[in-house]
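S.K.: could you look at this predicted model? Sequence included:
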Amino acid sequence: MRNFVIVANWKLNGSINMISRFFEYLKFHSSIYLEKKTIIIAPPTIYLKEVNKNISNMNIFIGAQNVDINLKGSFTGETSVLMLQDIGVKYVIIGHSERRFLHNENNDTIAKKFFLIKKENLIPILCVGETEKDKKYGCTKQVIQEQLNCILKKSKKLVFKNAIIAYEPVWAIGTGLSADPEYVQLIHKFIKNHIEKHDFMNINDIIVQYGGSVNCSNIKKFLEQPDINGFLIGNASLSPQEFLKIIKITHDII
Ligand code: PEP
């Protein structure tokens, strides 16, 4: 069976009340659907513990949306990988385009985060993807290659084992304009081939998710593509009805 991981990226959204309603709905309606796939919820840092409390006895994991490059010390406002580990976080999203562009994170910073996360045995979800301008000028593959190479060049091999890559074309995030599934398939194949060549991983073990305006009306065509191993979902993951529909459709097709 194909590896498949669904991640809800709540970004700067949520409240205690929303979390309680979200999981009440999931608990009431889901049963078997959550069993077969890996489901991760990434709420704002302040709500990680609240979500963790709500997922006990469910086949759901918590993920963080970011982490600092330092482990402890005078870094006001930051959260370290040790703290995330301390409260039961297993996955950490890094390299999201909103952090690259709104918080000036570059490939080197992201690589530092990647290695810290791996060193502490958590699983990085590394977001890569081109802007609209990159796509227009035919630079998509080059941009993604650079985003991957900053990690590959610092390791000997198998660095992407126990890691997830999320291909997120920047122009498709939060716009309602998802990428063409066949185009996504080509890019996922490119990512997998590049990693296989440089990281010596078995191509079948490489996990590449798609993210960018995924919702329950457009996922079927994505699920038909053999190299899509999951979704990273923003807006559509805030509604438990929509999120569960996505999980159910995935469950029926894969
Ligand atoms: C995201 O933020 O990673 C994302 C894919 O958002 P959306 O699903 O809203 O496009």
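M.R.: Cool, got the structure. Here the structure is a predicted model, which is why all the values come from computation and not from measurement.
S.K.: now do the helices in this protein.
M.R.: For the chain, the helices defined by DSSP state H cover 16-29, 48-54, 81-86, 97-102, 107-119, 132-136, 140-152, 181-199, 219-223, 240-253.
S.K.: looking at the ones you listed, which is nearest to the ligand?
M.R.: Minimum separation from the ligand across the helices of the chain (Cβ to the nearest ligand atom) falls at helix 97-102, 6.7 Å. Any C-beta I mention is one placed from the backbone N, CA and C, and that applies to glycine too.
S.K.: for that closest one, what is the average pLDDT?
M.R.: Mean pLDDT, helix 97-102: 96.
S.K.: so does it get close to the ligand?
M.R.: No. Remark: helix 97-102 sits outside contact range of the ligand, by Cβ under 6 Å from any ligand atom, the gap being at least 6.7 Å.
S.K.: so what does that helix touch, helix or strand wise?
M.R.: Applying 3 or more Cβ pairs under 8 Å, 6 or more residues apart in numbering; DSSP states H and E, we find helix 97-102 packed against no helix or strand.
S.K.: contacting residues around it?
M.R.: 11, 66, 105-106, 110, 127, 129, 131, 168, 170, 173 (Cβ atoms under 8 Å, 6 or more residues apart in numbering).
S.K.: for Ala166, see how far away the residue of the stretch 1-150 of the chain found nearest the ligand is.
M.R.: Closest residue of the stretch 1-150 of the chain to the ligand, Cβ to the nearest ligand atom: Asn9 (4.6 Å). Separation of Asn9 from Ala166 (Cβ to Cβ, to the nearest Å): 9 Å.
S.K.: what is in contact with these two at once?
M.R.: 93, 211, 232.
S.K.: ok, the closest residue to Ser155 other than its chain neighbours - contacts?
M.R.: Closest residue in space to Ser155, ignoring its immediate chain neighbours: Asp199 at 7.5 Å, by Cβ to Cβ, 6 or more residues apart in numbering. With contact taken as Cβ under 8 Å, 6+ apart, Asp199 is in contact with 152, 155, 157-160.
S.K.: do that again at 6 Å, thanks
M.R.: Asp199 sits next to 157, 159-160 when contact means Cβ atoms under 6 Å, 6 or more residues apart in numbering.
S.K.: quick one: low-confidence parts of the chain?
M.R.: 31 (pLDDT under 70).
S.K.: can you pull the residues of it lying near the ligand?
M.R.: Going by Cβ under 6 Å from any ligand atom, the residues of the chain near the ligand are 9, 168, 173-174, 211-214, 232-236.
S.K.: go through those residues and flag which are in strands.
M.R.: 9, 211, 232-233 (DSSP state E).
S.K.: what subset of the residues you listed is buried?
M.R.: The neighbour count (16 or more other Cβ atoms under 10 Å) marks 9, 211, 232-233 as buried among these.
S.K.: follow-up on the earlier one: in JSON lines, list the helices of the chain along with distance to Ile60.
M.R.: Shown next, in JSON lines, are the helices of the chain (distance: least, Cβ to Cβ, whole Å):
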{"stretch": "helix 16-29", "distance to Ile60": "8"}
{"stretch": "helix 48-54", "distance to Ile60": "8"}
{"stretch": "helix 81-86", "distance to Ile60": "16"}
{"stretch": "helix 97-102", "distance to Ile60": "23"}
{"stretch": "helix 107-119", "distance to Ile60": "20"}
{"stretch": "helix 132-136", "distance to Ile60": "34"}
{"stretch": "helix 140-152", "distance to Ile60": "27"}
{"stretch": "helix 181-199", "distance to Ile60": "25"}
{"stretch": "helix 219-223", "distance to Ile60": "19"}
{"stretch": "helix 240-253", "distance to Ile60": "10"}
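S.K.: without its sequence neighbours, what residue ends up closest to Lys90?
M.R.: Counting by Cβ to Cβ, 6+ apart, the nearest residue to Lys90 once its immediate chain neighbours are dropped is Phe61, at 4.8 Å.
S.K.: what does Thr140 give?
M.R.: Glu130 (4.2 Å).
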